[in-house]
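A.B. asks: Here's a sequence, model it:
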Amino acid sequence: MQSIRAILPPTQGPGPTGERPVSLWSRELPADVSVGAHSHEWGQLTYTHNGMMRVSAEGSSWIVPPQRAIWIAPHVVHEVTMLEAACLSPLRIHASRNPFGGEHCRVVEVSSLLRELIAALEVGEQPREAGRAALLGELILDELARAPSRPIRVPLPMDKRLRSLCEALIDAPSDTRKLADWAKEAGASERTLARLFERELGMGFGQWRQQVRLAHGASLIARGLPLWQVAQQLGYASQSAFTAMFRKTFGSTPSGFFAGEKTRS
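C.D. replies: Reported below is the predicted structural model:
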């Protein structure tokens, strides 16, 4: 049901310290590869300035465009899949400097200032720039604590048959096949899958698929794609149909959501 992906190990290199609480270790990754499930003793702001990725952790999945980043607390097992070729630039943050308290995962906006600070830290990774990097790290932590949250989350199941189906739909959100069609590929009856959706995800197949489409749609909008193209790519009959579903789910129009209006998740 899914294309075969290369599974890469997590990056190595120095982690953050008390004296230098923020460090960064970038690498260029092609599309359709995954950094396999792993965790760190430090917190991580998973970020790419030039491509879209999917991050999975704690039974959920997030579609993250360049204008967003996802915070992952220390010791939380997570996996990153590149949806586009990009430079993955995760910020490693010392556990004692967690900017979000007890939250394990949070999607945040990346402001222009935060983006430039990350870029400056990347340039300043040489040992002779340690003092400058420490100052940049303090500025990053201050700006990160002020970053607005954008709650776009897709829950994932534990059952292997259902998870395979869900991951395939996340890869192809415009797929219009019915649950009966997916059941043939999953090796389970339609009735069994319907029961698993309700038991493991607390919603039906159609509702879950809408969440996937809206998560993809929000990411495409964040990248500047016109609403009519987003609606078309995700299989909606019209722009107005997409906007209506977006408002029903998030309590705001797409333009209002990205302007910072109050939302509901």
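A.B. asks: SS state for W228?
C.D. replies: Here W228 is recorded as helix under DSSP: H, G, I helix; E, B strand; the rest coil.
A.B. asks: Can you check what pLDDT the model gives it?
C.D. replies: For W228, the model assigns a pLDDT of 91.
A.B. asks: Use 9 as the first number for this chain going forward.
C.D. replies: Sure, I'll start numbering at 9, so the last one becomes W236.
A.B. asks: Pretty sure it sits against A249.
C.D. replies: No: under the criterion of Cβ atoms under 8 Å, W236 makes no contact with A249, lying 11.0 Å away. Backbone N, C-alpha and C define where each C-beta goes, glycine included.
A.B. asks: shared neighbours, those two?
C.D. replies: With contacts defined as Cβ atoms under 8 Å, 6 or more residues apart in numbering, no residue is shared by W236 and A249.
A.B. asks: for the protein, what's the longest helix?
C.D. replies: In the chain, with assignment by DSSP state H, the single longest helix is helix 213-230.
A.B. asks: Show me what it is packed up against.
C.D. replies: strand 68-72, strand 162-163, helix 168-179, helix 235-241, helix 247-258, helix 262-266 (3 or more Cβ pairs under 8 Å, 6 or more residues apart in numbering; DSSP states H and E).
A.B. asks: buried ones in the fifth one?
C.D. replies: Translated: helix 247-258. Q247, F250, T251, M253, F254, T257, F258 (16 or more other Cβ atoms under 10 Å).
A.B. asks: can you give me the mean pLDDT across that helix?
C.D. replies: Per-residue scores along helix 247-258 average to 85.
A.B. asks: Using CSV, write down the CA coordinates of it.
C.D. replies: C-alpha atoms of helix 247-258 as CSV (Å, rounded to 0.1, in the frame of the first residue of the first chain):
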residue,chain,number,x,y,z
GLN,A,247,-13.0,26.0,-2.8
SER,A,248,-16.1,26.8,-0.8
ALA,A,249,-16.5,23.2,0.2
PHE,A,250,-12.9,23.1,1.5
THR,A,251,-13.4,26.4,3.3
ALA,A,252,-16.6,25.2,5.0
MET,A,253,-14.9,22.0,6.2
PHE,A,254,-11.9,24.0,7.4
ARG,A,255,-14.1,26.4,9.4
LYS,A,256,-16.1,23.5,10.9
THR,A,257,-12.9,21.8,12.1
PHE,A,258,-10.8,24.8,13.2
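A.B. asks: quick one, it and helix 213-230 angle?
C.D. replies: Angle of helix 247-258 versus helix 213-230, following axes from the mean of the first three to the mean of the last three Cα atoms, to 10 degrees, is 110 degrees.
A.B. asks: Now do helix 247-258: which elements does it pack against?
C.D. replies: Against helix 247-258 (3+ Cβ pairs under 8 Å, 6+ apart) you get helix 213-230, helix 235-241, helix 262-266.
A.B. asks: Compare those and give me the one nearest R169.
C.D. replies: helix 213-230 (13.1 Å; Cβ to Cβ).
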